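Colleague: sequence isn't available, so here's the structure alone:
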């Protein structure tokens with residue numbers, strides 16, 4: 001059974017609903033995970049999604065900031081809206097979804113950006129980010145012969161040297177500092193998560209999912225970072241059929257600074273290793 005999951009920091013779902021609809025029409029992912037929806041739950045544009053055949057909707061939002069939503073063409077069941085760092089930000093949502101006769105636990109994350117100064121002693125936003133990633137160590141890639149886990153979202157860290165346009169120039173820039181990247185990778189490994197986007201991609205190949213609004217010509221300068229991720233439990237790796245970074249979406253009308261990433265799986269012969 002083909003199964004696809006898209007992740008996209010949309011930077012206001014109501015403002016960018018036209019390009020969200022374009023993604024759904026052109027790509028038709030089974031599940032769409034959005035971050036930075038910036039809308040309280042009571043104002044989430046459910047009708048627009050239902051018109052396109054996405055009848056199953058879960059959200060964890062707040063007014064003007066943050067927010068995550070998981071929208072599906074098949075039934076989903078909310079598992080948790082986890083609170084991190086004793087702060088009531090809407091940054092996590094997990095659901096279960098059936099695919100290939102198996103149960104997939106799907107985490108949707110929006111990790112704090114961390115502000116501009118990479119020093120937790122003077123920048124509370126950066127400290128919050130580090131604390132948030134530390135708490136993510138408790139999020140495990142649960143799996144057995146009947147189930148698996150997927151984690152997606154804007155994780156706001158580009159962990160590897162070639163996940164940024166210049167490793168040397170960004171070593172002291174929030175999202176690629178050593179304290180972030182080392183803690184991030186340690187967290188991923190401790191949770192038994194597999195970085196699917198780097199699974200069959202040469203280490204030297206540049207991968208970006210985000211291009212700053214500040215760039216006069218984002219396409220020409222190509223100063224990107226890989227901030228959006230797709231991870232899975234080890235038992236889903238043999239069923240991973242690849243992914244696509246929709247770079248062209250950065251040039252759509254009134255775009256987000258992030259682009260969608262779509263992961264595809266074939267779960268016909270799902271087995272646990």
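Modeller: Nice, thanks for sending it over. All figures in this text were calculated on a predicted structure; none of them were measured in a lab.
Colleague: any regions of this protein where pLDDT drops low?
Modeller: Residue ranges of the chain with pLDDT under 70: 269-273.
Colleague: could you redo the last one with a cut-off of 50?
Modeller: Residues of the chain meeting the criterion pLDDT under 50: 272-273.
Colleague: for it, which segments count as helices?
Modeller: Residue ranges of the helices in the chain, as given by DSSP state H, are 17-27, 46-51, 124-135, 167-170, 178-190, 218-221.
Colleague: what lies in contact with the longest one?
Modeller: Meaning helix 178-190. The contact list for helix 178-190 (CB atoms under 8 Å, 6 or more residues apart in numbering) reads 114, 118, 129-130, 133-134, 136-137, 155, 157-160, 171, 174, 195, 231. In this view, the C-beta of every residue, glycine as well, is placed from N, C-alpha and C.
Colleague: now swap in the last one and tell me
Modeller: Contacts to helix 218-221, defined as CB under 8 Å, 6+ apart, come from residues 211-212, 215, 224, 250-251.
Colleague: repeat that for the first one.
Modeller: For helix 17-27, contacts defined as CB under 8 Å, 6+ apart pick out 4, 6, 8, 10, 13, 29, 32, 34, 45, 48-49, 52, 54, 246, 249, 252-256, 260, 262.
Colleague: recalculate using a threshold of 6 Å.
Modeller: Residues from elsewhere that reach helix 17-27, judged by CB atoms under 6 Å, 6 or more residues apart in numbering: 45, 48, 52, 252, 260.
Colleague: work out the gap between that helix and the centre of the chain.
Modeller: 17 Å (CA atoms, centre = their mean, to the nearest Å).
Colleague: again, but for the longest one
Modeller: A distance of 16 Å separates the centroid of the chain from that of helix 178-190, by CA atoms, centre = their mean.
Colleague: now for the helices of the chain, which one comes closest to residue 267?
Modeller: helix 17-27 (18.7 Å; CB to CB).
Colleague: packed most tightly, which of the helices of the chain would that be?
Modeller: Across the helices of the chain, averaging neighbours per residue (mean count of other CB atoms under 10 Å) puts helix 124-135 on top, at a mean of 18.
Colleague: name the helices or strands packed onto it?
Modeller: helix 178-190 (3 or more CB pairs under 6 Å, 6 or more residues apart in numbering; DSSP states H and E).
Colleague: so residue 97 makes contact with residue 105?
Modeller: No. Between residue 97 and residue 105 there is no contact under CB atoms under 6 Å: 8.6 Å.
Colleague: let me have the contacts of helix 218-221 in JSON lines, extended by distance to residue 69 and neighbour count.
Modeller: What follows is these, written out as JSON lines (distance: CB to CB, whole Å; neighbours: other CB atoms under 10 Å):
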{"residue": "211", "distance to residue 69": "23", "neighbour count": "24"}
{"residue": "212", "distance to residue 69": "24", "neighbour count": "11"}
{"residue": "215", "distance to residue 69": "28", "neighbour count": "14"}
{"residue": "224", "distance to residue 69": "25", "neighbour count": "24"}
{"residue": "250", "distance to residue 69": "21", "neighbour count": "20"}
{"residue": "251", "distance to residue 69": "24", "neighbour count": "11"}
